[in-house]
Every structure is written in structure tokens, then in C-alpha cells.
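Peer 1: The following block contains a protein sequence and its predicted model.
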Amino acid sequence: MTDQASYKGKCFCGMVAIEVRGEPVAMGYCHCNSCREWSAGPINAFTLWTQGAVHVTKGGEHMEAYQKSDTSVRKFCELCGGHLLTEHPLWGVTDVYAAVIPSLRYTPTLHVNYAETVFRVKDGLPKFKDMPAEMGGSGELLPE
């Protein structure tokens, strides 16, 4: 038996279900063009998890993947098109979209790719031009 927290999520139609265990390694907002186009919104709310923390518990046969670049493998339900997660193999993490796991208390700590933003946010959180240095970015911060 484990005492780790677990959070359940599902695609839009509910045919694909996932569970994440433990706590995310980071939570924040991505402003890059790729995330905006994929999410059809001005900002993408992310939760990053170690790869072993994310499990498909139902409907894995309905998951499809799209890989536009080496940094992202986006996964979604083939039946409803509902977005579920993005694997980031170069960083060793999986991004489960915050809206997919509603029981998780979403507590963002940073903004990434803020140089590409189309929607300014004044929330006091650090705004990275691209990515933090430990993830291969410049680590440069931008003003709100």
C-alpha cells in the first residue's frame, strides 16, 4: 500500500482515464506558440510529473500521439480529441494538463516562454523569457 497522493483524470468523453501519483515537480503556465495552438487558448496551464508517476488506467487503446518536435509527444483521445498529456523525453517529465486532473490543487510557480506571450499576466510569478536554465533555457527573466 502506498501513502502517495493520487489524482485521477480523463479525456473529454471519459473513454481514456489516467492517474498521477505523488506530487508534480512543477506547475506553471506556458506561453509558447506551439502550446497556444495545441490548446486553442492564450496560455497553457501545465503540471509536470516524473515519467513513472503517470499511468493510463483505462482506454489506452484510444490514445493517439502527435510529435511535432523532439521536445514534445502530445497525447489525446482518438474518439473525442480531448487532450490528456505531453511527454517531454528530453527533460524526463510528462505534462498532464491542469484541467485534466481537477482534484489537484493547481498552484503555479512560474511562467515559461513569456517572450512569446499574447496575454500579459500580472500575478507576481517569475516570467522566464524561454525556460529556466536547468531545463536548457537561458534562465532570463522578463518583467510583468
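Peer 2: That came through fine.
Peer 1: OK, contacts around Glu23?
Peer 2: Contact partners of Glu23, counting by C-beta atoms under 8 Å, 6 or more residues apart in numbering, are Ala5. Any C-beta I mention is one placed from the backbone N, CA and C, and that applies to glycine too.
Peer 1: change the start of the numbering to 6 and stick with it
Peer 2: Fine by me, first position is 6 from now on; the one you just mentioned is Glu28.
Peer 1: which SS state does it fall under?
Peer 2: The three-state label for Glu28, taken from DSSP: H, G, I helix; E, B strand; the rest coil, comes out as coil.
Peer 1: residues in contact with Tyr34?
Peer 2: Per C-beta under 8 Å, 6+ apart, neighbours of Tyr34: 48-51, 113, 115-117, 126, 130.
Peer 1: Using neighbour counts, trim those to the buried set.
Peer 2: Neighbour counting over the contacts of Tyr34 (16 or more other C-beta atoms under 10 Å) leaves 48-51, 113, 115-117, 126 as the buried ones.
Peer 1: Output those in JSON lines; the columns should cover secondary structure, distance to Pro137 and pLDDT.
Peer 2: As requested, those are exported to JSON lines (DSSP: H, G, I helix; E, B strand; the rest coil; distance: C-beta to C-beta, whole Å; pLDDT from 0 to 100):
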{"residue": "Ile48", "secondary structure": "coil", "distance to Pro137": "18", "pLDDT": "97"}
{"residue": "Asn49", "secondary structure": "strand", "distance to Pro137": "16", "pLDDT": "96"}
{"residue": "Ala50", "secondary structure": "strand", "distance to Pro137": "17", "pLDDT": "97"}
{"residue": "Phe51", "secondary structure": "strand", "distance to Pro137": "13", "pLDDT": "97"}
{"residue": "Pro113", "secondary structure": "coil", "distance to Pro137": "14", "pLDDT": "98"}
{"residue": "Leu115", "secondary structure": "strand", "distance to Pro137": "7", "pLDDT": "98"}
{"residue": "His116", "secondary structure": "strand", "distance to Pro137": "11", "pLDDT": "98"}
{"residue": "Val117", "secondary structure": "strand", "distance to Pro137": "7", "pLDDT": "98"}
{"residue": "Val126", "secondary structure": "coil", "distance to Pro137": "17", "pLDDT": "97"}
